[in-house]
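Visitor: here you go, sequence then predicted model.
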2 protein chains.
Amino acid sequence: MSDETLMNAFAALAQPTRLAVFRLLIREGPDGLPAGEIARRLNVPQNTLSAHLAVLARGRLVRSRRKGRHVIYAADLDGVRRLILFLTRDCCHGRPEKCEALVDSLLPACGKAGKKPEQE
Amino acid sequence: MSDETLMNAFAALAQPTRLAVFRLLIREGPDGLPAGEIARRLNVPQNTLSAHLAVLARGRLVRSRRKGRHVIYAADLDGVRRLILFLTRDCCHGRPEKCEALVDSLLPACGKAGKKPEQE
DNA sequence: TTATTGCTTCAATATTTCTAGAAATGACGA
DNA sequence: TCGTCATTTCTAGAAATATTGAAGCAATAA
């Protein structure tokens, strides 16, 4: 993944409206929401939101698909994973023991214990 | 963690020089580097770097400590973990099965298999 | 075709950010 | 006190971003 895309993702999340959109879409899951519905829920003008959605898409944090006359936006979980992988990979760089502790503390947050007890 | 801090962290990483500083410090580990040394390695003027370091500190991505006449900067791993926890926690929200897959794919990146086979 | 809805794109403006140099300040060690 | 290391404050120009109204495009319904 290029630094370009990476910074686009970070920049996209560094703005209140877009952070709110991101959270909303993550919670809505893969079905997503039409752009107009997002605008209504967050009380943001349609064209303003459209610009923000474009920024989020540029950072690969959301994807869009057409459905009738609606454009449905959904969180791009692959994009989120990319972000996390970057943070952990760089974090592990040369210091795997640090990363271990990090991942350990991460697992309970998912409301489920870790898996894959033995697998390289 | 406040949205404020969260956005500060994302904003801090959405800039080439600061991304480079962050990477450098992550790789240097807890010992960190003096501000002047960072400036020299990345070929950035001292005052410019100082401003960037302040932004990174505001996002809790680096910490500083005094050592003689040097100010040592080091990555703040707690801050990184906070960031990851935010991404995963929000990701899990209502859809733990999605998060599971995400964490599974994350573990191998650390060069070590998961632990904690059974723990809530 | 015409009208309407849903959304995007364009154009313009206001605001913020990045960058760097120069100078002042502060903290420390010799 | 003097020299070093670092931060802070000012300056200023270039670039990026946020926002809005108006216009444009796509899909549907009449």
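Guide: That came through fine.
Visitor: can you list contacts of stretch A:30-40?
Guide: A:21, A:24-25, A:41, A:44-46, A:49-50, A:53, A:64-65, A:67, A:70-75, A:77 (Cβ atoms under 8 Å, 6 or more residues apart in numbering or on different chains). Using the backbone N, CA and C atoms, a C-beta is placed for each residue, glycine as well.
Visitor: pLDDT score assigned to the spatially most central residue of chain A?
Guide: When Cα atoms, centre = their mean is applied to chain A, the residue found nearest the centroid is residue A:80 (3.8 Å). On pLDDT, residue A:80 comes in at 86.
Visitor: got the domain boundaries for chain A?
Guide: A:3-76, A:79-108 (automatic domain parsing).
Visitor: mean pLDDT lowest for which of these?
Guide: Looking at those, the bottom one is domain A:79-108 with a mean of 67.
Visitor: contacts made by stretch A:72-83 with the rest, please.
Guide: A:1, A:5-6, A:9-10, A:22, A:25-26, A:28-35, A:38, A:53, A:59-66, B:87, B:91, B:98, B:102, B:105-106.
Visitor: what comes up buried for that stretch?
Guide: Judged by neighbour count (16 or more other Cβ atoms under 10 Å in any protein chain shown), stretch A:72-83 contains these buried residues: A:72-77, A:79-83.
Visitor: relative to residue B:14, which of those is nearest.
Guide: Ranked by distance to residue B:14 (Cβ to Cβ), the buried residues of stretch A:72-83 are led by residue A:83 at 11.9 Å.
Visitor: please report the distance of that closest one from residue A:68.
Guide: Computed with Cβ to Cβ, to the nearest Å, the distance linking residue A:83 and residue A:68 is 32 Å.
Visitor: those strands in chain A, which residues are they?
Guide: A:33-34, A:62-67, A:70-75 (DSSP state E).
Visitor: what residues does chain A have near DNA strand C?
Guide: A:34-37, A:39, A:46-47, A:49-51, A:53-54, A:64, A:69-71 (Cβ under 7 Å from any atom of the strand).
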